[in-house]
Structures are given as structure tokens and as C-alpha cells.
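Q: Give me a model of this one.
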Amino acid sequence: QVQLVESGGGLVQAGGSLRLSCAASGLTFSTYRMGWFRQAPGKEREFVAAISWGGSNIDYSNSVKGRFTISRDNAKNTVYLQMNSLNPEDTAVYYCAAGRQAGTWRYWGQGTQVTVSS
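A: Just a heads-up that it's a prediction; the model follows:
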């Protein structure tokens with residue numbers, strides 16, 4: 001049974017930072033591409049960042065490029081999202097996802113809430 005469990009969300013003031021973690025189990029983590037997505041109230045889920053199985057290929061959405069950093073530790077079966085210079089527009093539920101093919105996400109976590117106050 002595959003499980004992706006996000007943690008690290010919370011309430012932070014604008015300009016602050018948070019680090020999200022996603023712990024994976026039930027899959028061969030090092031063979032999966034990992035991604036972060038977010039969904040704000042009343043909006044569709046959107047792509048935030050993705051990292052290849054070995055960490056050599058990384059993509060970011062334009063809205064977070066330069067502020068967020070995705071990384072992974074295959075020894076710990078965990079993917080991270082370091083979020084700096086947060087602003088209220090970053091408020092959303094953040095989800096991690098796992099997939100083997102680019103653009104295809106097979107497994108999803110339950111999400112963690114990030115709220116940025118102005």
C-alpha cells in the first residue's frame with residue numbers, strides 16, 4: 001500500500017519561510033519522479049515543482065521559481081519543498097505526488113495546509 005504523507009504546513013507571515021516534507025512508503029521511492037502541487041480555495045490544483053528520481057532534473061512553476069526549492073533524500077524516502085519569501089498568494093493546500101512518467105502522477109498525499117498572512 002503506497003502512502004505519501006505531507007507535513008510541515010502551518011501559518012506564517014508574509015515574507016516568512018516553511019519547509020514541507022513528504023514521506024513515502026510502499027513504493028520504490030528512488031525510481032519515482034516526485035512533485036509538489038497546490039490548490040487554493042476556489043481554484044484548480046496547480047503544479048508547483050517536480051524532481052526526477054535522481055534529482056538531476058528539476059522543474060518549477062513560474063510563480064515559485066527563485067523562492068521555492070525542491071529536493072529529495074532517497075535514503076529517507078522523503079521529498080522536501082523549501083518555501084521562502086512567502087506571500088498570501090501562496091496560501092493553499094500543498095500535495096505531494098509520485099509518478100514514473102513525466103506529467104503522469106500515480107500517487108497523491110492527503111495534503112498539508114499552508115496559510116500566509118499579510
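Q: For the spatially most central residue of the chain, grab phi and psi.
A: Closest to where the C-alpha atoms of the chain average out (C-alpha atoms, centre = their mean) is residue 36, at 2.8 Å. Dihedral pair for residue 36: phi -120, psi 140, per degrees, to the nearest 10.
Q: show me the contacts for it.
A: Counting by C-beta atoms under 8 Å, 6 or more residues apart in numbering, residue 36 makes contact with 20, 22, 48, 49, 50, 70, 79, 81, 94, 95, 96, 97. Using the backbone N, CA and C atoms, a C-beta is placed for each residue, glycine as well.
Q: Leaving out the residues flanking it, which one is nearest to it?
A: residue 48 (4.3 Å; C-beta to C-beta, 6 or more residues apart in numbering).
Q: in what helix or strand does the spatially closest residue to residue 67 that is not a sequence neighbour lie?
A: What sits nearest to residue 67 in space, not counting adjacent residues and going by C-beta to C-beta, 6+ apart, is residue 85, at 4.7 Å. According to DSSP states H and E, residue 85 maps onto no helix or strand at all.
Q: surely residue 85 meets residue 15?
A: Yes - Residue 85 is within contact range of residue 15, at 6.3 Å (criterion: C-beta atoms under 8 Å).
Q: list the residues that contact both of the two?
A: Common neighbours of residue 85 and residue 15 (criterion: C-beta under 8 Å, 6+ apart): none identified.
Q: give me every residue that touches the residue nearest to residue 67.
A: Here residue 85 is in contact with 15, 17, 67 (C-beta under 8 Å, 6+ apart).
Q: if you set the cut-off to 10 Å instead, what comes out?
A: 14, 15, 16, 17, 64, 66, 67, 68 (C-beta atoms under 10 Å, 6 or more residues apart in numbering).
Q: ditto for residue 80
A: Neighbouring residues of residue 80 by C-beta under 10 Å, 6+ apart: 8, 19-22, 34, 36, 51, 69-73, 96.
Q: 7 Å instead, please
A: 19, 20, 21, 70, 71, 72 (C-beta atoms under 7 Å, 6 or more residues apart in numbering).
Q: Which strand residues bridge the last one?
A: Spelled out, it's residue 72. Per DSSP bridges, the residues bridged to residue 72 are residue 79.
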